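Colleague: sequence and computational prediction follow.
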Amino acid sequence: QKEVEQDPGPLSVPEGAIVSLNCTYSNSAFQYFMWYRQYSRKGPELLMYTYSSGNKEDGRFTAQVDKSSKYISLFIRDSQPSDSATYLCAMSAWTGNKLVFGAGTILRVKS
Amino acid sequence: SAVISQKPSRDICQRGTSLTIQCQVDSQVTMMFWYRQQPGQSLTLIATANQGSEATYESGFVIDKFPISRPNLTFSTLTVSNMSPEDSSIYLCSVVVADTQYFGPGTRLTVL
């Protein structure tokens, strides 16, 4: 079993839809949770960074962490074609430490 | 944040040869990582490279195959040695700034 599980998709939605992306993990030591966006032929770009449980909102993006269930989510409101990318969840036990990544979910937003 | 550049951006190499990938950061950073992203897969950590100490390799990666240099706080190199087609991947360096990890654009390597 992988430490971090993420459905690779692809997930295809119409423009304006609310998108929900999820990851589960098995290591209870993880405390720092990140979502990266990766466009084709580019490096990952940090979207959201969350410590421990709770919600964090930034514009159209909301990150949720439920440590009791070992489950994290990223919600994208009013999705745009420019949101089409691969979304990678990542987590670590200590700040600034090596990251363990999920497989990445391919998102396609159709106009 | 940090601005990270990598050279080359892509290369096509012959089996049995070696390629050195450079990573340059616009600020001094202590922690630097090298990752591999194989086609259609997520990122896997190869090694951690801190200035002034030997690189620390993850399980499945060895120094003879992936030697790393870290001569100062803004620069590092990763060499992929004696390449085979299985080494065809994107290689990414990343740095930690203010407890957050940032990634370079990656080097796309194809081995024939």
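Modeller: Perfect, thanks for sending it.
Colleague: bridged to residue A:88, which residues?
Modeller: Assessed by DSSP bridges, residue A:88 has beta-bridge partners residue A:36.
Colleague: how about the strands in the chain?
Modeller: I'll assume chain A. Taking DSSP state E, the strands of chain A run over residues A:4-5, A:11-14, A:19-25, A:32-38, A:45-51, A:54-58, A:61-66, A:71-76, A:85-92, A:100-101, A:105-110.
Colleague: that's the wrong chain, I meant chain B
Modeller: Using DSSP E, the strands of chain B run over residues B:4-7, B:10-13, B:19-25, B:31-37, B:43-50, B:56-57, B:68-72, B:75-80, B:89-97, B:100-103, B:107-111.
Colleague: the closest residue to residue A:20 other than its chain neighbours: neighbour count?
Modeller: Among residues not flanking residue A:20 along the chain, residue A:75 sits closest, at 5.6 Å (Cβ to Cβ, 6 or more residues apart in numbering or on different chains). The way it works is simple: take the backbone N, C-alpha and C, and place the C-beta from them, glycine included. Residue A:75 has 17 neighbours, counted by other Cβ atoms under 10 Å in any protein chain shown.
Colleague: quick one: contacts for residue A:75?
Modeller: Applying Cβ atoms under 8 Å, 6 or more residues apart in numbering or on different chains, one finds that residue A:75 lies in contact with A:18-21, A:61-64.
Colleague: can those residues go into CSV with extra columns for neighbour count and pLDDT?
Modeller: Output for those, formatted as CSV (neighbours: other Cβ atoms under 10 Å in any protein chain shown; pLDDT from 0 to 100):
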residue, neighbour count, pLDDT
A:18, 12, 98
A:19, 19, 97
A:20, 13, 97
A:21, 22, 97
A:61, 17, 97
A:62, 17, 97
A:63, 22, 97
A:64, 19, 96
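Colleague: ok, so of these, who is nearest residue A:31?
Modeller: Set against residue A:31, the nearest of these by Cβ to Cβ is residue A:63 (14.1 Å).
Colleague: for the closest one, which residues make a bridge with it?
Modeller: Counting by DSSP bridges, the residues bridging with residue A:63 are residue A:56, residue A:74.
Colleague: how much space between the residue nearest to residue A:20 and residue A:44?
Modeller: To residue A:44, residue A:75 is 19 Å away according to Cβ to Cβ, to the nearest Å.
Colleague: swap in residue B:50?
Modeller: Distance of residue B:50 to residue A:44, given as Cβ to Cβ: 21 Å.
Colleague: okay, the two: which has more neighbours?
Modeller: Neighbours were counted for residue B:50 and for residue A:44 using other Cβ under 10 Å; residue A:44 has more, 31 against 16.
Colleague: wait, the more buried one touches residue A:38, no?
Modeller: Yes: at 4.6 Å, residue A:44 counts as touching residue A:38 under the criterion of Cβ atoms under 8 Å.
Colleague: common neighbours of those two, please.
Modeller: Common contacts of residue A:44 and residue A:38 (Cβ under 8 Å, 6+ apart): residue A:88.
Colleague: since that was my last question, I'll sign off now.
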